[in-house]
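> Pasting the sequence and the predicted model now:
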Amino acid sequence: MKRLVVLLGDYYHPKEWSKSSLHRVLTLLNEKESMECAYIETDQLLEELKKNPDGVILFKENRLNPVDDSVDTWMTEEIGKAISNYVEQGGGWLAWHSGLASYPQESSYTRMLRGHFEYHPNHHSPVKYSSVKESDLFGPVSFEINDEHYFVKVNKKDTNIFLTSESGDGYSTAGWYHNHGKGRVCCLTPAHNKEELLDENFTSLLAKTIGWVGE
């Protein structure tokens, strides 16, 4: 039985939406190998990392109250270093959509990801996601969904780009993966809306990335 630790939900991303997507994904994964998820809150993460789970999934931005005048964040440098150490020692980490957002660029966490969210347009639009032929670890991918188009900055020399995104607003990287010490890191930018989080093409891709992270 593989055990995954999961942190979901923030001000802009209802936990119920991503949890429904993950439930569908686990149905796919459990056809091959039994996996269970422990849904936790941020103040439980340090203790959970000490238990060496097979993988961690983060769909949660760093800001706790993004619309307030004084904004609080949850990821301290202590937590970021603990995450990096956990992966270096053989853990797996999936930074999914908002799991890339508002974390300090020079933090241990963002350095481990080797990329970060920069911005997205205020509107949702059709976004086409396509796999990169030179990096087909997760198989051929080509689908279009109405999404919040994430534009990211990635250290392309030190990772493997496997997915790109394109819309009327431009072109960006949408997925990348690499080893970090003995462990594995995967970053995936889609999806935002409830309907798109349940899109079969997307959930199939998400299942493959989670399966790789949890190996």
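Structure's in. What do you need?

> Okay, now the unreliable bits of the chain?
Residue ranges of the chain with pLDDT under 70: 135.

> Helices of that one, start to end?
Assigned by DSSP state H, the chain shows helices spanning 15-29, 45-50, 77-88, 108-113, 194-197, 200-213.

> Now do the third one against helix 200-213, angle only.
Relative orientation of helix 77-88 and helix 200-213, computed by axes from the mean of the first three to the mean of the last three C-alpha atoms, to 10 degrees: 80 degrees.

> repeat for the first one
The directions of helix 15-29 and helix 200-213 differ by 70 degrees, with the same axes, to 10 degrees as the criterion.

> Pull the residues that contact helix 15-29.
Outside of helix 15-29, the residues within contact range by C-beta atoms under 8 Å, 6 or more residues apart in numbering are 6, 8-9, 35, 37, 39, 57, 59, 96-97, 191, 193-194, 197-198, 202-204, 206-207, 210-211. The way it works is simple: take the backbone N, C-alpha and C, and place the C-beta from them, glycine included.

> What is the neighbour count of the residue nearest to residue 169 when sequence neighbours are not counted?
In space, residue 169 comes closest to residue 121 once its chain neighbours are excluded; the distance is 4.9 Å by C-beta to C-beta, 6 or more residues apart in numbering. By other C-beta atoms under 10 Å, 14 other residues sit near residue 121.

> oh, and call the first residue 113 from now on, that's how I've got it
Sure, I'll start numbering at 113, so the last one becomes residue 233.
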